[in-house]
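J.: sequence unknown, structure follows:
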């Protein structure tokens, strides 16, 4: 019979809601070795071993591999060391909570988009998920594009170039709104510069494929969300259209004949 300050492998497994086989594996992997052995060669564990096992279980529940856990285990010789371990575990749990909260938000937002689309479209679902994960706040625009336009976007832009394009487009919209608020006439040189920049950014988006223009016009007509971005977009589009017509006339360009 072993000393009462020790626990057998079965007793430790029962107290910590694990299995004897798991503890034997941890011993084999030098992750949690018994502090002693009985005369008959049975593994014997102390309460310190129990605390170390708790540390291992906590890290494992947070998704760390056994190899990672080996590198994260800390000594348990002083109250300060134990408190430091608990603080690190608490911080890791907080990070996990934040990540889970973000995942929950992404799921809720995806659910909203799925219901609005009214049909199953896994490619669009995947695009929305990717844009949610990269914190693109304009993820909701995806549902308004048809499949061919989305295929074009997938091949035309990656994460960095896509976000850069959106940023520059939004800057241009702000510039156009300033012109409108200052009552700048469509034929004014500043309005014409804005029209040229607007057309250049359309060409950048389409990569010169004029067949995408009708879809872009249809896309603009579908933007019925009552949010700030949509309102700005509509106001800027209404203002820049007359300036664009003058710009095309002066440049001798008819974009719809180019299709």
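T.: Arrived safely, thanks for sending. Because the structure is predicted, anything quoted here is derived from the model rather than measured. Numbers count the residues shown, from 1 in each chain.

J.: tell me the pLDDT of residue 86.
T.: In this model, residue 86 is scored at 76, pLDDT.

J.: er, residue 153 actually
T.: In the predicted model, residue 153 carries a pLDDT score of 76.

J.: same question for residue 100.
T.: What the model reports as pLDDT for residue 100 is 67.

J.: where exactly do the helices run in the stretch 151-259 of the chain?
T.: Secondary structure of the stretch 151-259 of the chain by DSSP state H, counting those that start in this stretch: the helices cover 159-181, 189-206, 213-222, 228-251.

J.: of these, which is nearest residue 62?
T.: Residue 62 lies closest, by Cβ to Cβ, to one member of those: helix 159-181, at 27.4 Å. For the C-beta atoms, the positions are set from N, CA and C on the backbone; glycine is no exception.

J.: buried ones in that closest one?
T.: Of the residues in helix 159-181, those buried by neighbour count under the rule 16 or more other Cβ atoms under 10 Å are 162-163, 165, 169, 172-173, 175-177, 179-180.

J.: just the strands from the stretch 1-150 of the chain, written as ranges.
T.: 7-8, 36-37, 43-45 (DSSP state E, counting those that start in this stretch).

J.: can you put the ones you listed in a markdown table and add mean pLDDT and mean neighbour count?
T.: Formatted as a markdown table, the entries for those read as follows, by pLDDT from 0 to 100; neighbours: other Cβ atoms under 10 Å:
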| stretch | mean pLDDT | mean neighbour count |
| --- | --- | --- |
| strand 7-8 | 92 | 20 |
| strand 36-37 | 89 | 13 |
| strand 43-45 | 92 | 22 |
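
J.: in TSV, list those along with distance to residue 254.
T.: Converted to TSV, these look like this (distance: least, Cβ to Cβ, whole Å):
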stretch	distance to residue 254
strand 7-8	86
strand 36-37	90
strand 43-45	84
